[in-house]
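S.K.: Requesting a structural model of the entry that follows:
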Amino acid sequence: MICESDVSGGGVHGGSVTVATIDDGRIISLQKIAKGLVDPSSAVVFSDRAYFLETRYCLLMDHQDDLSAIVSGVPFCVQSTLLPGGDALRGHGGLPDRPRVPGRNDA
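M.R.: Sure, this is the predicted structure:
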């Protein structure tokens with residue numbers, strides 16, 4: 001998962017999240033799964049979905065003097081989207097069948 005802020009020079013809503021498919025240390029493909037975001041940062045994959053944090057601090061700072069002008073979801077929001085070809089990524093290091101929980105999955 002690659003989180004990029006303002007990759008296209010589109011201003012405040014220019015961020016995106018991209019899935020990189022890697023095999024034997026080589027990038028096979030890059031597929032954008034979300035765009036038009038405000039500073040996406042962290043991302044995690046669970047099952048067939050990607051969850052990512054869209055930080056919106058720049059929107060918060062733009063309205064320091066008028067708190068009523070701050071849009072909902074500021075300073076951050078968690079979003080998710082279905083991964084492309086979900087099951088096709090299983091077994092290739094892309095998607096776990098279930099989350100790893102230390103001590104629970106070890107048996």
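S.K.: Counting by contacts, list what the longest strand seen in the chain packs against.
M.R.: Among the elements of the chain assigned as strand by DSSP state E, the one spanning the most residues is strand 26-37. If contacts are counted by 3 or more C-beta pairs under 8 Å, 6 or more residues apart in numbering; DSSP states H and E, strand 26-37 sits against strand 15-23, strand 49-55, strand 76-82. C-beta here means a position set from N, CA and C on the backbone, and glycine is covered the same way.
S.K.: Determine which stretch of these is the most buried.
M.R.: strand 49-55 (a mean of 19; mean count of other C-beta atoms under 10 Å).
S.K.: sorry, back to before: dump the helices and strands packed on strand 26-37 into TSV; add mean pLDDT as well.
M.R.: Listed next are those as TSV, based on pLDDT from 0 to 100:
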stretch	mean pLDDT
strand 15-23	89
strand 49-55	87
strand 76-82	84
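S.K.: Could I get those in JSON lines, plus columns for distance to residue 6?
M.R.: Supplementary listing: the helices and strands packed on strand 26-37 in JSON lines, determined by distance: least, C-beta to C-beta, whole Å:
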{"stretch": "strand 15-23", "distance to residue 6": "6"}
{"stretch": "strand 49-55", "distance to residue 6": "12"}
{"stretch": "strand 76-82", "distance to residue 6": "17"}
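S.K.: In contact with residue 5, which residues?
M.R.: Residues counted as contacts of residue 5 (C-beta atoms under 8 Å, 6 or more residues apart in numbering) are 14, 15, 39, 40.
S.K.: Alright, calling it a day.
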